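> Provided below for reference: sequence and predicted model.
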Amino acid sequence: MNRELSRFLGFLAAAAALVLVLGVYGARLLGSAGGADGAIITHLKRLERSGAEHDLPWAKLLGPKLQFERISVVLDADGQGATVTSTLDFTGEVRRPGGGSTRVSSLGLERARYRLVDGEWAPEQTDFPRLLSILETLERRRLALDRGDTQPDGGVPFPGVTRRKYQGLAWYIRSEREDVTVSEDFRFEGLAPDRPIDEKATRRLSLLEDSTGLFSFPDGIL
């Protein structure tokens with residue numbers, strides 16, 4: 001009898017401890033284990049099946065092939081937001097409204113914020129903000145080369161060339177935690193003082209990310 005009573009009292013103590021833990025940490029534990037992780041991963045896997053379309057201020061990004069791997073969900077203390085880190089393998093195309101397109105192949109780190117709204121987890125902005133920031137940086141560079149903009153150091157890319165046209169035919173992006181490298185297939189057309197120019201080549205670029213998630217070219221745009 002004493003042994004049975006001891007077991008019963010032990011069970012009550014364990015149950016009371018469990019209730020206490022759930023009372024203090026329940027929302028976070030349940031949200032992490034059964035809510036946020038499962039809901040966000042399901043959302044990303046659904047996106048893989050459907051493909052992605054994203055309207056940018058300067059173009060439309062089409063991503064018929066994308067895959068998220070090594071997905072890590074870190075829930076905020078209040079259980080209402082989450083930071084999701086993953087590896088994104090993306091194959092698609094940038095289509096500009098005025099004509100012209102660039103093939104995009106990207107593999108590497110992605111980091112996005114999600115928010116719980118009306119019981120559903122959704123991205124605060126997009127599922128792949130890091131990739132979009134890289135693409136926007138590459139597009140600003142393309143426009144600068146196309147227009148012949150003066151650079152911060154006072155230089156002008158391809159000086160003396162008129163009727164210029166710079167096309168990014170393809171961007172092959174490898175995005176690591178510390179750095180980003182891009183191999184660009186490009187075509188540059190224009191009229192130099194002594195001859196016409198029509199050059200096709202591949203150039204390797206390095207991008208640097210700052211603390212706000214913006215990218216720049218530490219070695220210059222060329």
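Happy to help now that I have it.

> Pro123: neighbour count?
For Pro123, the count of nearby residues is 17 (other CB atoms under 10 Å). For every residue, glycine as well, the C-beta is placed using N, CA and C.

> what helix or strand does Thr181 sit in?
strand 180-191 (DSSP states H and E).

> Tell me which residues of that strand come out buried.
Val180, Val182, Glu184, Asp185, Phe186, Phe188, Gly190 (16 or more other CB atoms under 10 Å).

> what would the residues you listed look like in JSON lines with pLDDT?
Converted to JSON lines, the buried residues of strand 180-191 look like this (pLDDT from 0 to 100):
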{"residue": "Val180", "pLDDT": "97"}
{"residue": "Val182", "pLDDT": "98"}
{"residue": "Glu184", "pLDDT": "98"}
{"residue": "Asp185", "pLDDT": "98"}
{"residue": "Phe186", "pLDDT": "97"}
{"residue": "Phe188", "pLDDT": "97"}
{"residue": "Gly190", "pLDDT": "96"}
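
> which residues touch the residue nearest to Ser175 when sequence neighbours are not counted?
Nearest-residue entry for Ser175: Gly108, 2.9 Å, with adjacent residues in sequence omitted and distances by CB to CB, 6 or more residues apart in numbering. Contact partners of Gly108, counting by CB atoms under 8 Å, 6 or more residues apart in numbering, are Thr87, Leu88, Ile173, Arg174, Ser175, Glu176, Val180.

> phi, psi of Ile134?
phi -60, psi -40 (degrees, to the nearest 10).

> Identify the residues contacting it.
Per CB under 8 Å, 6+ apart, neighbours of Ile134: Ser106, Ile173, Ser175, Val180, Val182, Leu207, Phe215.

> Just those: which are in strands?
The strands, defined by DSSP state E, take in Ser106, Ile173, Ser175, Val180, Val182, Leu207, Phe215 from these.

> what's the most distant pair in these?
By the measure CB to CB, Ser106 and Phe215 form the most distant pair in the ones in strands among the contacts of Ile134, at 13.0 Å.

> if you count what's nearby, which of the two comes out ahead?
Taking other CB under 10 Å, Ser106 and Phe215 do not tie; Ser106 has more neighbours (24 against 19).

> and that one, how far is that from Ala39?
25 Å (CB to CB, to the nearest Å).

> Quick check: pLDDT value at Gly155.
Turning to Gly155, the model gives it a pLDDT of 85.

> What about it, how many residues nearby?
Gly155 has 11 nearby residues by other CB under 10 Å.
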